[in-house]
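[1] From the sequence below, what's the structure:
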Amino acid sequence: MLETSDIVAIKQLEAFCHHAVDHNDQSLFADVFTEDARFDGRLCGGPLFEGLEAIKGFFALGRPPHPPSHHMTNCYVYEEDDRVRVKMKWICPDPGTGGVVTGDNIDWVVKTPEGWRIRERVASMRHPGGFSAQPAS
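    Below is the predicted model:
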């Protein structure tokens, strides 16, 4: 069973991850991901990367193709199938449209000697894609 201190540390990790992604380089990623982490962006039309170096290489592409900033909200920590999971929502500005892009991340986090780290992230798109502000007629 997770202790309150673990939940706080995991939520801090999740928030810090977005600061690391927006940092000028990928020097903070070792404080976020395990060496053997997986980043699965296929549900957003992106790639699957395995390993810290591959993930760093993806984010080293800069802005664009990545958004200028990443934000997270609604971070929920829970245990499932003997794993510690995190579900949270993300939002990024879309410089192409002036709007926003939103989605979900579902993470598997593990406690390492250096602290909690993301072992796997699966990102999915929420908006755009099927959203309409128009009422149904």
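
[2] Show residues contacting the one helix or strand K111 maps to.
    Element membership for K111, per DSSP states H and E: strand 100-112. By Cβ atoms under 8 Å, 6 or more residues apart in numbering, the residues outside strand 100-112 that reach it are 6, 10, 13-14, 34, 44, 67, 72, 83-94, 116-128. Using the backbone N, CA and C atoms, a C-beta is placed for each residue, glycine as well.

[3] beta partners for the residue nearest to the spatial centre of the chain?
    With distances taken as Cα atoms, centre = their mean, the residue of the chain nearest its centroid is N105 (5.3 Å). Beta-bridge partners for N105, by DSSP bridges, are M88, A123.

[4] Tell me how far it lies from N24.
    22 Å (Cβ to Cβ, to the nearest Å).

[5] What about the contacts of strand 100-112, which are in helices?
    D6, I10, L13, E14 (DSSP state H).

[6] Could you dump those into CSV with pLDDT added?
    Listed next are those as CSV, based on pLDDT from 0 to 100:
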residue, pLDDT
D6, 98
I10, 98
L13, 98
E14, 97
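
[7] Taking the residues you listed, please make a ChimeraX selection of just the buried ones.
    Only the buried entries of the ones in helices among the contacts of strand 100-112 go into this ChimeraX selection, using 16 or more other Cβ atoms under 10 Å:
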select :10,13,14
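
[8] my read: V32 touches W116, true?
    No - contact criterion Cβ atoms under 8 Å: V32 and W116 do not qualify, at 9.5 Å.

[9] Please identify every residue contacting each of these two.
    L13.

[10] In the protein, where is pLDDT below threshold?
    For the chain, the stretches flagged by pLDDT under 70 are 129-137.

[11] So which residues of it form strands?
    Per DSSP state E, the chain carries strands over the ranges 33-43, 48-50, 71-80, 83-93, 100-112, 115-127.

[12] What's opposite F39 in the beta bridge?
    Bridge pairing for F39 - DSSP bridges - gives F49, R121.

[13] give me every residue that touches it.
    Contacts of F39 by Cβ under 8 Å, 6+ apart are F33, L48, F49, A54, I55, F58, E120, R121, A123.
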